[in-house]
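Asks: Quick one: sequence and predicted model below, then my questions.
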Amino acid sequence: MIPRIVRANEGPTKIAPNDKFVGTVYQDQVFLPEDPSRLRVTRVTFAPGGRTNWHTHAVGQILYVLSGVGRYQMEGGPVEEIRPGDTVVIPPKTRHWHGAAPDQMMCHLALSESDDTGAATDWLEAVEDGDYTEAPA
């Protein structure tokens, strides 16, 4: 890996794929892995009501909320509100989802890495509206 500065907005903003997200969601790659690192950092901006599908991460994930109000749920747990400055630490292979509140945008940094096989995320089904609209704990 060569020391360098990755300039802001170096890459294009992408609309997140609708087979992995619900609603309007934008992704900006902050940092892509370079050998020997397997760390990927993505800034994800969710429009109100936008959210991920259920998914797991082979090595886990860390979310750092930059702005807005969001929601997070681990399978079997309550829907929880997340706000700027909150860090969500998600253990490996934990089924979960995250996104914006119904009436507010939310932006977070998502840090994840791949395992030895190159696997990082296993995308599952969409979060049902009833689960998403459940009042946060």
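Replies: Nice, thanks for sending it over. Residues are numbered from 1 along each chain as shown.
Asks: Quick check: which ranges of the protein have low pLDDT?
Replies: Applying pLDDT under 70 to the chain picks out residues 1, 33.
Asks: hang on, residue 44 in a strand?
Replies: Yes - with DSSP: H, G, I helix; E, B strand; the rest coil as the criterion, residue 44 is assigned to a strand.
Asks: if I pick it, what's in contact with it?
Replies: By C-beta atoms under 8 Å, 6 or more residues apart in numbering, the residues touching residue 44 are 16, 25, 26, 27, 28, 107, 108, 109, 110. Every residue, glycine included, has its C-beta placed from N, CA and C.
Asks: quick one: the spatially most central residue of the chain from residue 53, how far?
Replies: With distances taken as C-alpha atoms, centre = their mean, residue 110 lies nearest the centre of the chain, 4.9 Å away. Between residue 110 and residue 53 the distance is 14 Å, computed by C-beta to C-beta, to the nearest Å.
Asks: How about the contacts made by the residue lying farthest from the centre of the chain?
Replies: The C-alpha centroid of the chain is most remote from residue 2, which lies 27.0 Å away (C-alpha atoms, centre = their mean). Residue 2 is in contact with residue 34, counting by C-beta under 8 Å, 6+ apart.
Asks: helix, strand or coil for it?
Replies: Applying three-state DSSP: residue 2 is coil.
Asks: Could I get the full set of strands for the protein?
Replies: In the chain, the segments counted as strands under DSSP state E are 14-15, 21-22, 25-31, 39-46, 51-52, 55-57, 61-68, 70-74, 80-82, 87-90, 96-100, 106-113, 121-123.
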